[in-house]
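[1] Generate coordinates for the sequence data below:
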Amino acid sequence: MVALNYKKIQEFWDRAKPSSLSPYMMEGYGFPESASKYRFKAEAKILKRLLEPVDRNGTVLDLGGGVGLWTSFFAERFRHVITVEASQRFYKALAARRSLHPNIQIFQQDVRSFVPQTPISLAFSGGLLMYLNDEDIRNLLKRLRGDLKPGGIMVCRETTIRNGAAIRQGNYQAVYRSVSVYKKIFEETGFQVLKIEKNSPYVLLEMGIQFLEKLKETIPYPKRWISILGPCVYFGLRLSNRWIVKMPRWLGIEYPELQNHFFAIRPS
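    Numbering: from 1, shown residues only. You can find the predicted model right below:
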């Protein structure tokens, strides 16, 4: 597989707007701010279940903190939170949260070279591994395995595809891996997979994103229309949430192209 260009990835995130929509890659589709709140709240329910066995008096290592949504989530539940973020823009957004959560410690640094100075109860990757080449993931996981306290776990929330792995190149670069590929990487680096859970809120909104992209390819519409189409698609998805996510399976089609999963792992 062709390697990711880390310089282009850094440039993309240095240009990105530090909004609540940008970490979810929902900018530019006309979705209201409430879309990110809905997704975060729904994902938090999944994460709470996965974190039940974790020591709340321990330290959390948040890898790639972004605008700090998860950083604040952890700061409200754990004694100490260490957040590592490489982007200057997102680092500034994170720094603003320290006034609300004095138990947050922030480092502007590449996660590949960061070494925590304290044992970790929980390591969290909220969409980081997709921006790393396979070898760098393995090196990171091997190092984290030694940083975790006895009983500590790591939770990864990563965008996935159904089979194999595929690289996206251009101005925005990422590697999309299947669940089986991630399982193999975790096991090869000395981790046991405790639980894998599909991120249904992600899938729901990704259906809307893919629909809007296909619609524009089929019927090119003026850019100003997105401010009308985006909210209509979003609220339509919310109203039909109970059945629309099941429709691709009923129809026997693979839609949307991208999915997302939570992986809870611990050192073997």
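[2] use CA for all of it now, contacts and neighbours both
    Noted.
[3] Would you confirm that residue 83 belongs to a strand?
    Yes - assessed by DSSP: H, G, I helix; E, B strand; the rest coil, residue 83 belongs to a strand.
[4] For it, the count of nearby residues, please.
    Neighbours of residue 83 under the rule other CA atoms under 10 Å: 24.
[5] Compute the distance between it and residue 201, please.
    Distance, residue 83 to residue 201, using CA to CA, to the nearest Å: 24 Å.
[6] Strands of this protein, start to end?
    Along the chain, counting by DSSP state E, strands occupy 59-63, 80-84, 104-107, 120-125, 148-161, 165-168, 174-178, 191-198, 259-267.
[7] if we compare the ones you listed, which one ends up closest to residue 222?
    Nearest to residue 222 among those is strand 165-168; the distance by CA to CA comes to 26.5 Å.
[8] circling back to that earlier point, among the strands of the chain, show me which one is buried the most.
    Burial of the strands of the chain is given as mean neighbour count (mean count of other CA atoms under 10 Å); strand 59-63 ranks first at a mean of 26.
[9] Packing partners of that one?
    Of the remaining helices and strands, those touching strand 59-63 by 3 or more CA pairs under 8 Å, 6 or more residues apart in numbering; DSSP states H and E are helix 69-75, strand 80-84, strand 120-125.
[10] got the buried residues for stretch 106-117?
    106-109, 111 (16 or more other CA atoms under 10 Å).
[11] contacts for that stretch?
    Stretch 106-117 is touched from outside by 63-64, 82-88, 91, 94-95, 136, 140, 147, with contacts defined as CA atoms under 8 Å, 6 or more residues apart in numbering.
[12] Now find how far off-centre that stretch is within its chain.
    A distance of 18 Å separates the centroid of the chain from that of stretch 106-117, by CA atoms, centre = their mean, to the nearest Å.
[13] shaky segments in this protein?
    For the chain, the stretches flagged by pLDDT under 70 are 1-2, 19-24.
[14] follow-up on the earlier one: for the buried residues of stretch 106-117, could you give me a markdown table that also reports distance to residue 15?
    Shown next, in a markdown table, are these (distance: CA to CA, whole Å):
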| residue | distance to residue 15 |
| --- | --- |
| 106 | 20 |
| 107 | 19 |
| 108 | 16 |
| 109 | 17 |
| 111 | 19 |
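[15] just to revisit the earlier point, same list (the helices and strands packed on strand 59-63) but as CSV, adding distance to residue 41.
    Below are these laid out as CSV (distance: least, CA to CA, whole Å):
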stretch, distance to residue 41
helix 69-75, 10
strand 80-84, 20
strand 120-125, 17
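[16] of all the contacts of stretch 106-117, which comes closest to residue 207?
    Using CA to CA, the contacts of stretch 106-117 come closest to residue 207 at residue 64, 25.3 Å.
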